[in-house]
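S.K.: give me coordinates for this.
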Amino acid sequence: MCLPVLFMAGMSLMDTADGVFMNVAYGWAFFNPVRKVYYNLAITGLSVFICFFIGTIEVLGLLPAQLHLKGGFWTFMAGFNINTAGFVIVGLFGPPGWALS
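M.R.: Numbering: from 1, shown residues only. From the prediction side, this is the model:
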């Protein structure tokens with residue numbers, strides 16, 4: 001019973017933090033109608049880019065094992081740390097100026 005409770009607590013914390021960040025971001029973006037358009041384009045473009053980036057990384061990480069490819073690039077791709085990339089991606093979605101404050 002401990003694991004479901006811990007999962008629920010973690011999800012509650014992350015959903016609350018997400019709600020706070022999105023409230024700040026939407027407040028900033030909806031203050032000016034032109035800013036809202038750029039905000040929506042930026043978030044959508046970033047989401048599409050990250051989708052293709054993660055998909056490419058996953059495919060290139062599987063190819064060396066399945067096709068027995070050797071070399072520096074393939075070794076790097078096979079050992080690419082997707083968790084660290086995830087932290088960088090989360091930072092990209094932070095509110096504007098969040099990283100500077």
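S.K.: in space, not sequence, find me the middle residue of the protein.
M.R.: residue 89 (3.4 Å; CA atoms, centre = their mean).
S.K.: what lies in contact with the host helix or strand of that residue?
M.R.: Following DSSP states H and E, one finds residue 89 within helix 82-92. Residues outside helix 82-92 that contact it (CB atoms under 8 Å, 6 or more residues apart in numbering): 46, 50, 53-54, 57-58, 61, 99. The C-beta positions use only the backbone N, C-alpha and C, and glycine is treated the same way.
S.K.: give me the number of residues near residue 73?
M.R.: Burial measure for residue 73: 11 neighbouring residues, criterion other CB atoms under 10 Å.
S.K.: residues of the host helix or strand of it that come out buried?
M.R.: Using DSSP H and E, the element containing residue 73 is helix 72-78. Within helix 72-78, the residues scored as buried using 16 or more other CB atoms under 10 Å are 74, 77.
S.K.: same check, this time on stretch 27-41
M.R.: For stretch 27-41, burial by neighbour count (16+ other CB under 10 Å) applies to 29, 39.
S.K.: do you know the pLDDT at residue 85?
M.R.: For residue 85, the pLDDT comes out at 87.
S.K.: that should have said residue 40, apologies.
M.R.: Here the pLDDT value assigned to residue 40 is 80.
S.K.: would you quantify the distance from it to residue 82?
M.R.: 27 Å (CB to CB, to the nearest Å).
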